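Novice: Requesting a structural model of the entry that follows:
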Amino acid sequence: MGKHIISPGYHSPFRKVATDMRKLLFAAAALVGFGISSAHADLLVGPTLNQLNAGWANTGLQITALQNTTLESFSFYNYGAADTIELTDTSGQVLQSMSFAGGSTEQAVSTISTINAGWMLTANQTYDLISTDPSNSMYASSSFPVSDSQLKVDGGYGNGSLETAYWFHFTNLDTSSSVPEPVSIAMLGTGLFGLGLIRRRRV
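Specialist: Numbering: from 1, shown residues only. The predicted structure follows:
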């Protein structure tokens with residue numbers, strides 16, 4: 001029986017197919033991991049707050065997430081006293097909480113502080129964003145609801161209920177979410193189509 005001799009420079013076509021398949025799989029994995037979504041940001045500004053909130057503890061805003069999103073940051077109109085900012089559900093359960101560093105008493109002039117939160121919000125869920133100090137914040141008359149593509153402010157929140165005449169404490173609600181990129185999805189589809197063609201050639 002004769003021997004089948006393979007020259008040193010010979011490369012099996014199946015080896016090339018396997019190499020091509022690996023390249024396409026790596027490309028598809030890269031697209032899945034890095035390319036099929038991008039951050040979409042919205043900024044819900046709100047009114048200028050110009051009246052002192054005196055005597056109402058646990059006040060703020062009632063908000064509803066219109067999609068899965070992250071509340072990245074917001075502005076807090078305050079008088080410089082130490083405070084606690086909370087995100088609760090509508091039953092009052094505290095979901096997120098942070099201490100606001102300030103002095104022992106309120107100052108004579110208000111200031112606006114940026115609060116970096118990074119709190120995840122679930123689509124169609126309603127939350128109360130509140131501060132606990134009764135005299136460390138500002139409010140203004142407003143009408144509701146106010147919304148962008150990711151978040152809706154249903155109204156102010158005070159005295160344990162929705163307040164549809166007042167906007168309390170917080171403005172510049174900055175949200176972000178990941179959304180599919182059509183171009184990247186198309187690239188992924190092209191890669192997978194090419195992988196299918198290579199598999200057919202092998203068969």
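Novice: how many neighbours does the closest residue in space to Ala165 that isn't next to it in sequence have?
Specialist: Closest residue to Ala165 apart from its sequence neighbours, by CB to CB, 6 or more residues apart in numbering: Ser141 at 6.2 Å. Any C-beta I mention is one placed from the backbone N, CA and C, and that applies to glycine too. Using other CB atoms under 10 Å, Ser141 has 11 neighbouring residues.
Novice: can you count the residues close to the nearest residue to Gln67 once chain neighbours are set aside?
Specialist: Excluding its sequence neighbours, the residue lying closest to Gln67 (CB to CB, 6+ apart) is Ala123, at 4.8 Å. Ala123 has 12 neighbours, counted by other CB under 10 Å.
Novice: what sits against Ala123?
Specialist: 65-69 (CB atoms under 8 Å, 6 or more residues apart in numbering).
Novice: Report the buried members of the residues you listed.
Specialist: Using 16 or more other CB atoms under 10 Å as the burial test, the contacts of Ala123 include 65-66, 69 as buried.
Novice: Redo those residues as CSV? Include pLDDT.
Specialist: Converted to CSV, those look like this (pLDDT from 0 to 100):
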residue, pLDDT
Ala65, 98
Leu66, 98
Thr69, 98
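Novice: Turn those residues into CSV, columns for secondary structure and distance to Ser99.
Specialist: Shown next, in CSV, are the buried ones among the contacts of Ala123 (DSSP: H, G, I helix; E, B strand; the rest coil; distance: CB to CB, whole Å):
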residue, secondary structure, distance to Ser99
Ala65, strand, 24
Leu66, coil, 29
Thr69, strand, 24
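Novice: What are the buried residues along the helix or strand hosting Tyr127?
Specialist: Under the criterion of DSSP states H and E, Tyr127 resides in strand 126-131. With burial defined by 16+ other CB under 10 Å, the residues of strand 126-131 counted as buried are 127-131.
Novice: Now do the domain split for this protein, please.
Specialist: Following automatic domain parsing, one finds the domains of the chain at 16-36+181-202, 40-179.
Novice: just the ones you listed: most buried one?
Specialist: domain 40-179 (a mean of 17; mean count of other CB atoms under 10 Å).
Novice: Now do the helix or strand containing Phe74: which elements does it pack against?
Specialist: Assessed by DSSP H and E, Phe74 sits inside strand 69-78. Applying 3 or more CB pairs under 8 Å, 6 or more residues apart in numbering; DSSP states H and E, one finds that strand 69-78 contacts strand 111-121, strand 126-131, strand 137-141, strand 170-180.
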